[in-house]
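[1] After the sequence you'll find the predicted model.
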Amino acid sequence: MPRKTRQIEYYRLWPSNGGDSGTWDTDFVAILADTPDDQIDEAVEKAVAAIRWRDEPPIITGVYSVPEPEEDDIN
């Protein structure tokens, strides 16, 4: 049986055409639903590192928002 997961919003900084600027956005990544609060950053970092990017990976990523887990949000 698959383990339950929850969606965490994380931010990404995408490289631009040189310089020290880029484009920011956010997306969601699934982590285990029973991940302790003090380990969410690390779990998101590992989940994002496992993503296969079509082009260049983002320069910086991190946790943007940790919604309270609700029964409907847990898969």
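    That came in fine, so what should we check first? Numbers count the residues shown, from 1 in each chain.
[2] Helices of the protein, start to end?
    40-49 (DSSP state H).
[3] where exactly do the strands run in it?
    5-15, 22-32, 60-65 (DSSP state E).
[4] what mean pLDDT does the second one have?
    Which is strand 22-32. When pLDDT is averaged over strand 22-32, the result is 94.
[5] Show me what it is packed up against.
    strand 5-15, helix 40-49 (3 or more CB pairs under 8 Å, 6 or more residues apart in numbering; DSSP states H and E). From N, CA and C alone the C-beta is placed, and that goes for glycine too.
[6] Just the C-alpha atoms of the last one, please, in PDB.
    Once side chains and other backbone atoms are set aside, the C-alpha atoms of helix 40-49 remain, and they are given as PDB (Å, rounded to 0.1, in the frame of the first residue of the first chain):
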ATOM      1  CA  ILE A  40       9.900  19.400   6.100                       C
ATOM      2  CA  ASP A  41      12.700  21.600   4.700                       C
ATOM      3  CA  GLU A  42      14.900  18.600   4.200                       C
ATOM      4  CA  ALA A  43      12.100  16.500   2.800                       C
ATOM      5  CA  VAL A  44      11.300  19.200   0.200                       C
ATOM      6  CA  GLU A  45      14.900  19.600  -0.700                       C
ATOM      7  CA  LYS A  46      15.200  15.900  -1.400                       C
ATOM      8  CA  ALA A  47      12.000  15.700  -3.400                       C
ATOM      9  CA  VAL A  48      13.000  18.700  -5.500                       C
ATOM     10  CA  ALA A  49      16.400  17.200  -6.100                       C
END
